[in-house]
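S.K.: Attaching a predicted model along with its sequence, questions to come.
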Amino acid sequence: MSTPTRAPAAAPGIAPDQQRDRASGIGGNAARPDGTLKVTGQFAYGSDLWADDMLWGVTLRSPHPYARIRGVAVGEALATGGVFAVLTHADVPGKNRCGLEHSDQPVLAEDVVRYQGEPVALVAADHPEVALRAAKKIAVDYQVLDPVTEARAALAPGAPALHPDGNLVRHLKLRKGDPAASAEVVVTGCYQVGMQDQAFLGPEAGLAVPDGLGGVDLYVATQWLHVDQRQVCAALGLPPEQVRLTLAGVGGAFGGREDLSMHVHACLLALHTGKPIKMVYNREESFFGHVHRHPATMRYEHGASADGKLQYVRAEIYLDGGAYASSTPAVVGNAGTMGIGPYVVPNVHVDCYGAYTNNPPCGAMRGFGSVQTAFAYEAQMDKLAATLGMDPVELRCLNAMSLGSEAPTGQIVDSQAPVAELLDRVRKMPLPPARAGGIGGPSALAAQRHGQPAFDLRDLPGGVANTTHGEGVRRGIGYAVAYKNVGFSEGFDDYSTARVRLEVIGGEPVATVHTAAAEVGQGLVTVQQQICRTELGVDQVVIHPVNTQVGSGGSTSASRQTYVTGGAVRAACQAVAGQAVALAQRQLGRTIADLRLDGGQFVSAAEGTVASLAGVLGSDIIEETVEWRHRPTYPVDPETGQGFAHVQYAFAAHRAVVDVDTELGLVKVVELACAQDVGKAINPDAVLGQIQGGSAQGLGLAIMEEIQVSDGMIRNPSFTDYLIPTILDMPPMQIDVLEYPDPNAPYGLRGVGEPPTISSGPAVAAAIRAATGLELHRVPIRPEHITGSMPGPAP
Amino acid sequence: MRIAATINGQQMQADDVWPGESLLYVLRERLGLPGSKNACEQGECGSCTVYLDGIPVCACLVAAGQAQGRDIVTVEGLAGPSQLHPVQQAFLDAGAVQCGFCTPGLIVATHDLLSRDAEPTDLEIREALAGNLCRCTGYEKILDAVRLAASRMRAGG
């Protein structure tokens, strides 16, 4: 196997300069094994890889959202000095299709392009600028067509079919109880969610190295090596033995790396030129190079009794999947089955549609279908509370799901579901102090008379832009609660593989963990080490480079890796420990019933320390590979949506406090409070990091983040025009972490990553509504929605 | 063209530089110093922050030729021979590193802040780091790291 000069490194065990007390097992704040590399700039991300004699690959993309290709002329590009190859679909040796759930997307466009940015041709050259300039010389003859740019329009009779089977990707029907149920109090609303970008900071990147024997090694930043390998093999027409993938350092993912980006392209160029190929997207290309969060249009009707008990919910949800399916079917499944929120409702009627359009393809992003619906159902709960004259938290608690409740799918919630407690906890957290100089605080004049600064601009909406000194600023408080399935649902065979090896190195026992599960920043490498320390009683745990030389780890998504790969690592450790104990007993010549590993020793309650692990192992190596599954789920009924669809639910609640300049429409989020049940915090610091980071992404969608698409074209593909929260936008947080164990999960844990992204945004939106008195049906909420100059869609 | 500069205290040279290249490209692709990161390459994210003659800049916005003869310090040049710089250690200890792509830029920016102000308030920290995007952490633990580094450095650590 060929190796690049700068390649992904194994994560070492504990460096000698690190404190021993950070080498903890589960429940401790163990240090990241890749931390020192990351703070010194030594960690090798996909874009940092380098090989002698490598070339640069670039992609020519369609400028049109919908067009026929009548011809592609590459001659002038190929004749450019420094160019080694120009490839089109005709150069794809295998099947020119890829896709996560449906194989519907060309590796390189053939006769039609279905979105702006669709890859059409590739260039390899000895300098990235040479490759870019040559790509501009490729002449593509397009016949431009009228794009389909809205999901409901795509599904209307007479719409042009963008794919052979039409424009419907999936229609999930959820039917429970009486479809025509009535109630004393009814509220309706229509809501929209804009298209959000994952905006991971490390762009799509990788290095493909030909092995000289017709195969290729691909080093790539991704979320699931084996699903990539399957698609790359199909496109190259090669068996898996000849397409070996290794995880490069990943600079964030959040769903945006589930689909292929440059994977096949780099391999094609490498096999064609016989040279290593590096491909790195810049930020603009990244906006075209990965799927986004589905924009949604949602109509809801909630019916309740006069005392606030929900009687029915009816909803119609349209998700714009864009040009290719990606994970739209599963996103529809989530949005539909969990689309009424964590509430008990006897009568439910939901139709959730995912459609093909000529907009940018949409797929996985943190929260995966649950983010969109939470904005709608939580707005409805506030509207219902206002109509009933009830407190919005009381209304939620009155209808909250709990252990033993029946979900709208008919699935019984069979572990703790502390929805009401989470709400109660965020409500009882102390509120931030009133703003000085404003409502509830001393007046500006009074403060000045006493020699005090009346206010600090940095505490106000608009900040040092000096847009207000407090006049027109109103404070609002909003609440939201949400839930999310953990792991892959609806009957998917969701498993992970772990290989654990135990041996003595330098007189000390060392465990090595080998999985194909992607570390994307969340800390899976740390969790794997902690599990090994707990299960094997050793301090030194090495994380082997992550590659396809071991079985699939499944996707780093759906908040599933600590659960599923963690479960696999635990099971492999237990198999290794069992063998070690058996070896010790053979050497001792007797059986000790409770013999176990602890602190590098074999210990028993009755006999204390019996032998050292290093002494027993000697030069022996124990290695076990385990494929581990969570309990099975099942497809839902196609007509009713009923079934045991989800393996586990995870819950979070937020309270948001905002100050809104009602005259200019500027919002400052003053504080976020969050309570989340994580079952068991394997690494409490990392759990807080997930809650803080996830909450920031929800805040972003509520007030600033949107890929603006018009006529199928992205208008803001840069960090100048697509805004993500800065350190000035993100407020301090109060966080309460609950640990109610799930008896079905390893160590009782629940997935952590997604729930805070789901509930933070709706809480912020609710707080802005409370501050302004406006209905605000669309997120992100823009200044013009607040000032009334452009109030958004009518209900 | 040929570019020569002092980088992390060492005289370094790059040949055959195309004039359109940025300092960031030269550091990453020609001089074996990929620690400065390529998140936006247009001066919006701060992940490529380096010192140029003692002033923090986005290396992506500096043309390669502008680096000729200058003194450059990158994230690779901050740690001592046997231990991390207190800012680097604080980012680790505070849990401020997740994916880590923003980390090099934030560490250089924090290094600069604390060299100017040994005891910044939270509002001052936020202002100083407002040009550095992070997508993973929600910034809470980055604030913790800056406070921790400041207190350790004041204590002589």
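M.R.: Structure's in. What do you need? Numbers count the residues shown, from 1 in each chain, chains lettered A, B, ... in the order given.

S.K.: Please save the CA atoms from stretch A:140-159 in CSV.
M.R.: Only the C-alpha atoms of stretch A:140-159 are listed here, as CSV (Å, rounded to 0.1, in the frame of the first residue of the first chain):
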residue,chain,number,x,y,z
VAL,A,140,-19.9,22.9,-22.4
ASP,A,141,-22.8,23.4,-24.7
TYR,A,142,-25.9,23.8,-22.5
GLN,A,143,-29.5,24.1,-23.5
VAL,A,144,-30.9,25.9,-20.5
LEU,A,145,-34.3,24.7,-19.2
ASP,A,146,-36.7,26.3,-16.7
PRO,A,147,-35.9,25.0,-13.3
VAL,A,148,-38.4,23.6,-10.8
THR,A,149,-37.7,25.5,-7.7
GLU,A,150,-40.4,24.7,-5.1
ALA,A,151,-41.3,21.4,-3.5
ARG,A,152,-45.1,21.8,-3.8
ALA,A,153,-44.8,22.9,-7.4
ALA,A,154,-42.6,19.9,-8.1
LEU,A,155,-45.4,17.6,-6.8
ALA,A,156,-48.2,19.4,-8.6
PRO,A,157,-49.8,17.7,-11.7
GLY,A,158,-48.1,18.7,-14.9
ALA,A,159,-44.7,19.6,-13.3
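
S.K.: Phi and psi next, for the closest residue to chain A within chain B.
M.R.: Chain A sits closest to residue B:35 of chain B, with a gap of 1.9 Å, by C-beta to the nearest C-beta. To be clear about C-beta, it is placed using only N, CA and C from the backbone, and glycine gets the same treatment. Per-residue torsions, residue B:35: phi -60, psi -40 (degrees, to the nearest 10).

S.K.: list the buried ones in the helix or strand in which residue A:584 is found?
M.R.: Using DSSP states H and E, residue A:584 maps to helix A:561-588. Buried residues in helix A:561-588, counted by 16 or more other C-beta atoms under 10 Å in any protein chain shown: A:561-573, A:575-577, A:580-581, A:583-585.

S.K.: That one: how far from the chain's middle?
M.R.: Computed by C-alpha atoms, centre = their mean, to the nearest Å, the chain-centroid distance of helix A:561-588 equals 31 Å.

S.K.: Report all helices and strands that it contacts.
M.R.: Counting contacts by 3 or more C-beta pairs under 8 Å, 6 or more residues apart in numbering or on different chains; DSSP states H and E, helix A:561-588 packs against strand A:495-505, strand A:508-514, helix A:524-536, strand A:596-598, strand A:601-604, strand A:608-612, helix A:613-617, strand A:622-629.

S.K.: Determine which stretch of those is the most buried.
M.R.: helix A:524-536 (a mean of 25; mean count of other C-beta atoms under 10 Å in any protein chain shown).

S.K.: Give the bridge partners for the residue nearest to residue A:609 when sequence neighbours are not counted, please.
M.R.: Leaving aside its sequence neighbours, residue A:609 sits nearest to residue A:601 (C-beta to C-beta, 6 or more residues apart in numbering or on different chains; 4.7 Å). For residue A:601, the beta-bridge assignment (DSSP bridges) gives partners residue A:598, residue A:612.

S.K.: so what's residue A:237 up against?
M.R.: By C-beta atoms under 8 Å, 6 or more residues apart in numbering or on different chains, the residues touching residue A:237 are A:93, A:94, A:95.

S.K.: What does it show for phi and psi?
M.R.: phi 70, psi 30.

S.K.: What pLDDT does the model give it?
M.R.: If you check residue A:237, the pLDDT there is 98.

S.K.: what about it, distance to residue A:102?
M.R.: 20 Å (C-beta to C-beta, to the nearest Å).

S.K.: cool, and residue A:392?
M.R.: 41 Å.

S.K.: of those two, who's got more company?
M.R.: residue A:392 (23 against 17; other C-beta atoms under 10 Å in any protein chain shown).

S.K.: Hmm, that one is touching residue A:379, no?
M.R.: No. Residue A:392 is beyond contact range of residue A:379, at 10.6 Å (criterion: C-beta atoms under 8 Å).

S.K.: where do the contact lists of these two overlap?
M.R.: Common neighbours of residue A:392 and residue A:379, using C-beta under 8 Å, 6+ apart, are residue A:766.

S.K.: helix or strand for the residue positioned nearest the centre of chain B, which one?
M.R.: In chain B, the residue lying closest to the centroid (C-alpha atoms, centre = their mean) is residue B:108, at 3.1 Å. Secondary structure assignment for residue B:108, by DSSP H and E: helix B:103-116.

S.K.: So what are the sheet partners of the helix or strand hosting residue A:656 and their directions?
M.R.: Taking DSSP H and E as the definition, residue A:656 sits inside strand A:648-661. As defined by DSSP bridges, the strand partners of strand A:648-661 come to strand A:473-486 (antiparallel), strand A:666-677 (antiparallel).

S.K.: mind putting those strands in TSV, mean pLDDT and mean neighbour count included?
M.R.: Compiled in TSV, the strands paired with strand A:648-661 are given as follows (pLDDT from 0 to 100; neighbours: other C-beta atoms under 10 Å in any protein chain shown):
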stretch	mean pLDDT	mean neighbour count
strand A:473-486	98	26
strand A:666-677	98	26
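
S.K.: Where do the helices of the stretch 1-150 of chain A begin and end?
M.R.: A:35-39, A:75-78, A:128-136 (DSSP state H, counting those that start in this stretch).

S.K.: most packed of those helices?
M.R.: helix A:35-39 comes out most buried of these by mean count of other C-beta under 10 Å, with a mean of 25.

S.K.: Strands of the stretch 1-150 of chain A, start to end?
M.R.: Counting by DSSP state E, counting those that start in this stretch, the stretch 1-150 of chain A has strands at residues A:55-61, A:67-73, A:83-87, A:112-113, A:119-125, A:139-144.
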